[in-house]
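> A structural model of the following input is requested.
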Amino acid sequence: MTAVLPEPATATLPAPGAGTGSAAPGCACAACATGTGHADLLARLATAPGGRTAVVAADRDLTFDELRAEAAGVAARLTSLGAGPESVVALCLPRGAGLVTALIGTLTAGAAYLPVDPALPAERRRYLLEDSGADLVVTDGAGDLPPAPGIRTVTLAELTAPVTAEAAGPVPYRPAPVTADTLAYVIYTSGSTGRPKGVEIGRAAASLLLAELERAGAAAGEARRVGWNASPSFDASVQQWVRLCRGDTLVMIDEETRRDPALLAAFVDAQALTDLDITPSHADPLLDLLTPAGGPRPLTLLVGGEAISPALWDRLAAAHGAGTLRALNVYGPTECTVDATAGWIDRPGEPHIGTVLPGLRMRLLGEDLAPVSPGEAGELYLAGPRVGRGYRNRPALTAERFVADPAGAAGSRMYRTGDRCRLLPDGRLVHLGRADGQIKLRGHRIELPEIEAVLTRQDGVAEAAVILGEDAGGGPALLAYHRGGDAGALRTALAATLPAYMLPSAFVAVDRFATTPSGKLDRSALPTRADTPAAAGGAAAPTGDTGLRGPAEELIARVWTQVLGADSIGPDDNFFKLGGHSLLAIKLVSRVRAELSVALPVKAVYAHPRLRDLAARIEELTAARDA
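Just a heads-up that it's a prediction; the model follows:
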């Protein structure tokens, strides 16, 4: 969690239980032990100084008084529409102050919120609404929402219009009474069955998140400026908006800025952010661009969502040691309320995920569910009040992953993470990988079987396999292998169903799949790198005249060849159909900036993915610079 751990020079984290495969809980209070006793999050929000800035966004800023007043109005209208405890309100809203108001208003009404990214394919949005059983969906009225029978749609403008009670003035900010078990939010993650699954988190777990911040974070009364960097559809966003409940200022980072390391570094400096949540993939290019802060309150980076490479670990440790920033490695499944472990990246060496955080207990178990010996690898199980309620409308899957806790009170459960770890003598955990088909890529949790299930549903596809391999530049990428089907048609079909982060960078047709002696698909026999346009599902340009015209097109073709590993590039080729993705787009922009001294934004690659169109945009920027 954000700046929650004391500096390692002055305090230590809980030590592991001797020889039991368990670590002691991070908090020994009765509330953490039982999941009760902690005040609801919104009771704390009600005490924040009214004139202090609560939200900074591109569209407008809100003070805490303004946030509470608008949230009260939203809550009143939602209540009149039937929202309340255990009901689900879907928020299909763009990033902005209105999203925060709607989220806090939903919780104030006692209901749970379901984030639905407006950028998701229509089929995916429809599935989330129907599968969750949402009662209402809130939109900004700007985009099309797929029809979902039985779900009422209301616009944000309707919810935030001034509300006045009869002869009583504005609606007071008065959160609805809830219990520790009341549903707080539902967030969908990738599903191994081919369909995403909704994780239910109760109010006790969400409240413990704030308790964790209060316990060892910023000094009481100290307001910090926290960047909301994560997509609302991912649980990392919870640890960002919850900071409002301790009086911190939440600074919304728009999509364009999030994608561009240069813009993000400038934004961090201009907004004087003190806390920023980021994935290793995006921290790497950002480090060289950040202005060294130094002083008693340097920027705190929460680095999580995927494994940190040894090289990046050492760079972060060096910056931490120099006092230019503090880096905290965080790990945790959505099912256990965002983060389960954390550790300062304060010295070079083997990357680790720290020690267990308050509100959780951990156990390392073998296949027989017996504790492993100290130093041995085992599967990580998490128990305690921060463990979620289970999967929405998935009782069988809930029973499979949320199992009885033999060391806990009657009825208590452990969550089986599927992560393999090893415990170091000082109580820190080393993450060793997964025991199933789940991966983390650029901060996103992806079940490879879900992509494979969508592939095999397409016409002509007899078999399919998806692996985490490398793109032409050596970076991590999804590679799809298929027997039957057309690569271009498959890419189009998957783009209409899956979010962008789940789209393979390469589609490779195979005549047959190798199998193991037992007859199962041998994934180890699949190539782990795709280096040609054909493998990426793109069409190679003819070997003679490439059709390129002018220095800008020739430069882009040369850079694409370097970044994508393609042998020949034509003017009509599409960057993303040749295997490009967000990190390769960053590399592309960096090289163009270096060679042409043109401030090409990353969003230009998304707006103009065709080579000729991107070259024309670069020529426009060059002309404007030289005018």
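> so where's the stretch 151-300 of the chain uncertain?
Within the stretch 151-300 of the chain, the stretches falling below the threshold (pLDDT under 70) are 162-169, 192-194, 210-221, 292-297.
> what about the helices in it?
Remark: helices of the stretch 151-300 of the chain, listed N- to C-terminal, are 156-160, 203-216, 238-241, 255-259, 261-270, 280-287; assignment by DSSP state H, counting those that start in this stretch.
> A161: neighbour count?
When neighbours are defined as other Cβ atoms under 10 Å, A161 has 11 of them. Just so you know, the C-beta spots here come from the backbone N, C-alpha and C atoms, and that holds for glycine as well.
> and if you look at G141?
Each residue near G141 was counted by other Cβ under 10 Å, and the total is 12.
> assumed L107 was part of a strand.
No. Applying DSSP: H, G, I helix; E, B strand; the rest coil, one finds L107 to be helix, outside a strand.
> that one reaches L183, doesn't it?
No. With contact defined as Cβ atoms under 8 Å, L107 does not reach L183; the gap is 10.3 Å.
> between the two, which has more neighbouring residues?
Between L107 and L183, counted using other Cβ under 10 Å, the more crowded position is L107 (28 against 22).
> for that one, give me its contacts.
Under the criterion of Cβ atoms under 8 Å, 6 or more residues apart in numbering, the neighbours of L107 are L41, L42, Y113, P175, A184.
> and the gap between it and V74?
Computed as Cβ to Cβ, to the nearest Å, the L107 to V74 distance reads 10 Å.
> now D65
15 Å.
> of these two, who's got more company?
Just comparing D65 and V74: by other Cβ under 10 Å the higher neighbour count belongs to V74, 31 against 15.
> my guess is the more buried one meets L99, correct?
No. Distance between V74 and L99: 11.4 Å, which falls outside the contact criterion (Cβ under 8 Å).
> quick one: contacts for the nearest residue to A206 once chain neighbours are set aside?
Sequence neighbours aside, A184 is the residue nearest to A206 in space, at 4.3 Å (criterion: Cβ to Cβ, 6 or more residues apart in numbering). A184 sits next to L107, A112, Y113, I201, G202, R203, A205, A206 when contact means Cβ under 8 Å, 6+ apart.
> what's the answer for R389, then?
For R389, the contact set (Cβ under 8 Å, 6+ apart) comprises D181, L183, E200, I201, G202.
> gap between the second one and R389?
It stands for L183. L183 sits at a distance of 7 Å from R389 (criterion: Cβ to Cβ).
> spit out the residues that contact the two alike.
When contacts are counted by Cβ under 8 Å, 6+ apart, L183 and R389 have E200, I201, G202 as shared neighbours.
> with neighbour count and distance to L478 as added columns, please give the residues you listed in a markdown table.
Written out in a markdown table, the entries for these read as follows (neighbours: other Cβ atoms under 10 Å; distance: Cβ to Cβ, whole Å):
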| residue | neighbour count | distance to L478 |
| --- | --- | --- |
| E200 | 22 | 28 |
| I201 | 26 | 28 |
| G202 | 23 | 33 |
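> which residues touch stretch 586-606?
Under Cβ under 8 Å, 6+ apart, the answer for stretch 586-606 is 255-256, 259-263, 285, 473, 555-556, 559-560, 562-563, 575, 580, 582, 585, 614, 617-618, 621-622, 625.
> pull up the distance across that stretch, start to finish.
Counting by Cα to Cα, to the nearest Å, the length from the leading to the trailing residue of stretch 586-606 is 11 Å.
> likewise stretch 558-573?
Looking at stretch 558-573, the gap from its leading to its trailing residue is 13 Å under the measure Cα to Cα.
> how about the contacts made by A317?
Under the criterion of Cβ under 8 Å, 6+ apart, the neighbours of A317 are A327, I345, D346, R347, P348, G349.
> without its sequence neighbours, what residue ends up closest to it?
With Cβ to Cβ, 6+ apart as the criterion, A317 has its nearest non-adjacent residue at 4.7 Å, and that residue is P348.
> separation between that neighbour and P425?
19 Å.
> distance check, the most centrally placed residue in the chain against R203.
For the chain, the residue nearest the mean C-alpha position is F234 (4.2 Å; Cα atoms, centre = their mean). F234 sits 20 Å away from R203, taking Cβ to Cβ as the criterion.
> repeat for L564
In this structure, L564 and R203 are 47 Å apart, going by Cβ to Cβ.
> the two: which is more packed in?
For L564 against R203, the residue with the higher neighbour count under other Cβ under 10 Å is L564, and the figures read 27 against 24.
> so that one touches G579, yeah?
Yes. Taking contact to mean Cβ under 8 Å, the distance of 5.7 Å between L564 and G579 places them in contact.
> you'd agree G50 is up against F64?
Yes. With contacts counted by Cβ under 8 Å, G50 reaches F64, the gap being 5.2 Å.
> higher neighbour count, those two?
It is F64, of G50 and F64, that has more neighbours when counted by other Cβ under 10 Å, with 22 against 13.
> for the more buried one, phi and psi?
Main-chain torsions, F64, degrees, to the nearest 10: phi -70, psi -40.
> do you know the pLDDT at it?
The per-residue pLDDT reported for F64 equals 96.
> please apply the same query to T101.
Looking at T101 specifically, the model assigns a pLDDT of 96.
> shouldn't it be within a helix?
Yes. When three-state DSSP is applied, T101 is found to be in a helix.
> tally of neighbours for it?
The burial metric for T101, expressed as a neighbour count using other Cβ under 10 Å, is 25.
> tell me which element the nearest residue to it once chain neighbours are set aside is part of?
Across the structure, with Cβ to Cβ, 6+ apart as the measure, the residue nearest T101 apart from its sequence neighbours is E70 (4.6 Å). Take DSSP states H and E as the rule and E70 turns out to sit in helix 64-80.
> show me the contact partners of that helix.
45-46, 48-55, 62, 89, 100-102, 104-106, 108-109, 111, 136, 154, 158-163, 170-176, 244, 247.
> can you pull out the strands in the stretch 401-550 of the chain?
For the stretch 401-550 of the chain, the strands defined by DSSP state E, counting those that start in this stretch occupy 402-404, 413-423, 429-434, 438-441, 444-447, 463-470, 476-483, 506-509.
> which ones are touching V372?
For V372, counting by Cβ under 8 Å, 6+ apart, the contacting residues are G21, L364, L365, G366, G378.
> rewinding a little: report the distance from the helix or strand following the helix holding E70 to the chain centre.
Downstream of helix 64-80, the next assigned helix or strand under DSSP H and E is strand 88-92. The chain centroid and the centroid of strand 88-92 are separated by 18 Å under Cα atoms, centre = their mean, to the nearest Å.
> again, but for stretch 382-401
What separates the centre of stretch 382-401 from the centre of its chain is 20 Å, taken as Cα atoms, centre = their mean.
> let me know how buried A112 is, in neighbour terms.
The local packing of A112 (other Cβ under 10 Å) involves 28 other residues.
> please apply the same query to I187.
I187 is flanked by 24 other residues according to other Cβ under 10 Å.
> wait, it sits on A236?
No. In this structure, I187 is not within contact of A236 by Cβ under 8 Å, at 10.1 Å.
> circling back to that earlier point, and the residue nearest to T101, what pLDDT?
The predicted structure scores E70 at 94 on the pLDDT scale.
> one more: E400?
pLDDT, E400: 91.
> now do the contacts for it.
With Cβ under 8 Å, 6+ apart as the criterion, the residues that contact E400 are R416.
> ok, and for the helix or strand where it lies, which residues are buried?
When secondary structure is defined by DSSP H and E, E400 falls within helix 395-401. Neighbour-count burial for helix 395-401, with 16 or more other Cβ atoms under 10 Å as criterion, is recorded at T398, R401.
> just to revisit the earlier point, select from the shared contacts of L183 and R389 every entry located in strands.
Residues from the shared contacts of L183 and R389 lying in strands, with DSSP state E as the criterion: E200, I201, G202.
> against V74, how distant is the residue lying closest to L286 once chain neighbours are set aside?
Closest residue to L286 apart from its sequence neighbours, by Cβ to Cβ, 6+ apart: P261 at 4.8 Å. The gap separating P261 from V74 is 35 Å, by Cβ to Cβ.
> thanks a lot, catch you later.
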